[in-house]
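Student: with the sequence up front, the predicted model follows.
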Amino acid sequence: MPDEVPSREVDGAPRYADSVDALFDVLLPAEKNSPGAREVNVDAVMRTEGLVRLAIAQGFIAPMAETVVSALDQLATSARVALNRDLDVLASFEVPLARFSQLPSATQITVVARAFDDPLRRPTFLVIRAVCFLAYLGGGPSDLGLRTLGYPKFENLADGVAVSGYPRMTDGRVDDYTFNQQPPPTNGDDLSLVLTPEGDLL
Amino acid sequence: MRDVIIIGSGFGGAVMAARLSAALSTLKPGSKVLVLEKGADATGAFDQRSAGTPLNAQGNRFRHSLSPTYLSTIAQLHTDPVGAFKPGSPSMTVVTGTGLGGGSQVYDGVSLRAPTEAFEQQRGGRRLWPSLYSRASLSPYYALAEQRLNVVKPEWTDAKAPHWQLLTKRDFIFAEGCRRIGATAVPLKIADRNDANEGWWNEGQRFEGRQSLTKNYLLDAKAHGAEFWTGCAIESIEPTKDGYVVRGTDSRTLGAIEEECRVLIIAGGSLGSTGLLLKSREKFSGARELDPNQLLGKHVSGNGDYGVTGEVGPAFDRDVEGFKGKPMASFCPSFFRQHQFILIPFYAAPLYLALGQFSTLLKPKNPLAVGRASTEVANGPDGRPERDWGLAYKQRLQTFGSRMLTMGCLALDACEGEIRLSANEQATEVTWRETDPSTEARWGAAVTTMRKIYEALGGQLYLDGYRKEGTVHTAHPLGGVRMASDSTQGVIDANGECFSNPNLFVIDSAMIPSALGANPSLTIAAVAESIADRLIRGVGLRSLAARL
């Protein structure tokens, strides 16, 4: 795990910029020394122009109705305002007049689970989920999430695109890719019936 | 009027560009093949005017990034937005490469010859492949393609080879799983040269190790004077008195393209070529009707692709580190004779898995289930289906480096897919309405075998998109403009020439009439090599010289 992962207080009540910010933390939460969506700068990915259409085109999100895609076009601005409002409406069913960001963590999880079950809300929540994982797994400018999984750090961000070279050990040596070992033979499996000596199927 | 225009630069178009450029240089000096490519020139070496991100330190435009903005420049997903099998879920998704070099920019270099059985498949008592083709008849052309693509077979161990040229840890563990169920994994032939194995091979090979077509066939074409126009999307073709006119848009200038030629070769891949012909169908009428039997887009194979993810158990004493090294370097052929599938372990970006594309990180409710939409997500501790978000899911993702193993099968399917135009006729869509029982049986046997491999390693198989939603995922679309012995069975003949339109060829994955049971790039190149050879020599069809 990367040693520079920010350690933040996760036991106390975190402060959120808005309810969408709190939603990020529900979908992909931080733990001590392990970043969540907010720590990997999910906001930067939200600002990607045409993000929803690009994410659908790449298969990160299943195809959805054009009306939903259009509504989510301005994911970082108008769509975020609408989503904040919707989250707070959902929160108020749990605790009158409360914002989603003010709810206890367990209640937030319950609210989000219900939203995923709601056919009308589900597409929007799938998009936000995808944005969180995009940010965490190399789709944005932060490498903290990938490094948590064992990937090397990005080599540079000079062109604004996340770039990663081949895996290296922490001391800079190139990592070992192989066990450099021949597997033991399998008794009774005669491959001469299916393979040529060159290694093609007969 | 130009002599030859080629639309597309993948394994069919690149071979034809190389061979016909060389032939033209002696047949008609000064005449140039024009290659029109919709995507960008990521190498920066063929079309200096190509749009794209700035060149990197290696002198090309590749990045290693999962940014959707970047990925959209090298790959494209085609799907069924309606849900032909299950409302709300795609019935099929197809990933294709974009840009100069086509699929070779994103392929994993696997270069197996297709098995004899692939060429001998029949439907309704008729052989699918024209009699011209068999494994034996293609052998010399396979050899040519292997030489040009620099196909090699990596080793498990070699004191002289750098470790990144050897089979990966993932391959060794897969082999151990196979051994424990009585099967065998062996090295896989791949197109490769001094690959530095930078890990994210799938996202663009900026260190020049991948044997993409820009390093061989397209380079040959360039050396023989071929012109390359990238960023040029061709929207229609139309017959003229002496040939064909192609029309489209140049994305760099937003200007219109209109070029006429005597010989037109369409090589935009299964999706691209089929889509272009579907859009142009109405421009061909009377004796030149393009598709009188309404066969365009029908009988599309996914090459039997079926990918899964699972984990190796905590008791197994080695880490998988599945994201390191060559993306594919071994395979298990043990089940091909009985079930017509092979198994390949492969690299997969964690992002695709986390978002549930082709496979999930969730457990199936019924681990033994096989078949389309056969099972749902297992319940978690709270009695509800496991969630694909939240702390528990994030912690499962954290096993990616150490425990997760991704593998898939390639099988002989029954070409159940279809390519069609979207409602606005601007895009191509794919559907897979029903799975033939023969395909279902092969996939069922493959999934059962893969589950046994995971269990033999103390782990478990996760739920995949086919069993959960009924979605067929493939990176190997074949067919759509099927070649056949006569026009009742296909749109083009055995040489790729349209039955009703002389000098109009389709030479790429769209012409392949069946699944291959092996990754298809080498076979597409070999078929193109054979057609180029016959066309230049005038064997079995009018020679290139006679057509100019």
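Tutor: Sure, I can see it. Numbering: from 1, shown residues only, chains lettered A, B, ... in the order given.
Student: show me what residue B:300 is bridged to.
Tutor: Beta-bridge pairing of residue B:300, defined through DSSP bridges, involves residue B:417.
Student: err, residue B:75, not the other one
Tutor: Applying DSSP bridges to residue B:75 gives these bridge partners: residue B:97.
Student: longest strand in chain B, please.
Tutor: The longest strand of chain B (DSSP state E) is strand B:255-266.
Student: helices and strands around that strand, which ones?
Tutor: With contacts taken as 3 or more CB pairs under 8 Å, 6 or more residues apart in numbering or on different chains; DSSP states H and E, strand B:255-266 sits against strand B:2-7, helix B:11-27, strand B:33-37, strand B:232-239, strand B:244-250, helix B:269-280, strand B:501-506, helix B:544-547. Just so you know, the C-beta spots here come from the backbone N, C-alpha and C atoms, and that holds for glycine as well.
Student: so which helix or strand of chain A has the lowest pLDDT on average?
Tutor: Ranked by mean pLDDT, DSSP states H and E, the weakest helix or strand in chain A is helix A:144-148, scoring a mean of 87.
Student: is that one up against chain B anywhere?
Tutor: Yes: among the residues of helix A:144-148, A:146, A:148 lie within reach of chain B under CB under 8 Å from any CB of the partner chain.
Student: mind listing what's buried in that helix?
Tutor: Residues of helix A:144-148 classed as buried: A:144-148 (neighbour count, 16 or more other CB atoms under 10 Å in any protein chain shown).
Student: try stretch B:116-126
Tutor: Neighbour-count burial for stretch B:116-126, counted by 16+ other CB under 10 Å, picks out B:117-119, B:121.
Student: re the thing from before, nearest to residue A:42, of the helices and strands packed on strand B:255-266?
Tutor: helix B:269-280 (32.7 Å; CB to CB).
Student: quick one: is that closest one near chain A?
Tutor: No: using CB under 8 Å from any CB, helix B:269-280 never reaches chain A; the gap is at least 13.4 Å.
Student: CA atoms only: put that helix into PDB for me.
Tutor: Output in PDB follows, covering the C-alpha atoms of helix B:269-280 (Å, rounded to 0.1, in the frame of the first residue of the first chain):
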ATOM      1  CA  GLY B 269     -13.600  -4.800 -39.700                       C
ATOM      2  CA  SER B 270     -16.700  -6.700 -39.000                       C
ATOM      3  CA  LEU B 271     -18.600  -3.700 -37.600                       C
ATOM      4  CA  GLY B 272     -17.100  -1.100 -39.900                       C
ATOM      5  CA  SER B 273     -17.400  -2.900 -43.200                       C
ATOM      6  CA  THR B 274     -20.900  -4.200 -42.500                       C
ATOM      7  CA  GLY B 275     -22.100  -0.900 -41.400                       C
ATOM      8  CA  LEU B 276     -20.700   0.900 -44.400                       C
ATOM      9  CA  LEU B 277     -22.400  -1.600 -46.800                       C
ATOM     10  CA  LEU B 278     -25.700  -1.400 -44.900                       C
ATOM     11  CA  LYS B 279     -25.600   2.400 -45.200                       C
ATOM     12  CA  SER B 280     -24.700   2.200 -48.900                       C
END
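Student: so how far is the very next helix or strand once past that helix off the chain centroid?
Tutor: Using DSSP states H and E, the helix or strand that follows helix B:269-280 in sequence is strand B:306-311. Centre-to-centre, strand B:306-311 and its host chain are 19 Å apart (CA atoms, centre = their mean, to the nearest Å).
Student: and strand B:306-311, what does it pack against?
Tutor: Applying 3+ CB pairs under 8 Å, 6+ apart, we find strand B:306-311 packed against strand B:404-411, helix B:437-456, strand B:460-461.
Student: deepest-packed of those, please.
Tutor: strand B:404-411 (a mean of 27; mean count of other CB atoms under 10 Å in any protein chain shown).
Student: could you measure from the residue positioned nearest the centre of chain B over to residue B:71?
Tutor: Compute the mean C-alpha point of chain B, and by CA atoms, centre = their mean the closest residue is residue B:476, 3.3 Å away. Distance, residue B:476 to residue B:71, using CB to CB, to the nearest Å: 19 Å.
Student: what sits closest to residue B:257 if chain neighbours are left out?
Tutor: The shortest distance from residue B:257 to any non-neighbouring residue, by CB to CB, 6 or more residues apart in numbering or on different chains, is to residue B:248 (4.5 Å).
Student: which residues of the stretch 101-250 of chain B lie near chain A?
Tutor: By CB under 8 Å from any CB, the residues of the stretch 101-250 of chain B that approach chain A are B:112-116, B:153, B:156-157, B:163-164, B:166-169, B:172, B:175-176, B:178-179, B:182-189, B:196-200.
Student: report the buried members of these.
Tutor: The buried subset of those (16+ other CB under 10 Å) comprises B:112-115, B:156, B:163-164, B:166-169, B:172, B:175-176, B:178-179, B:183-189, B:196-200.
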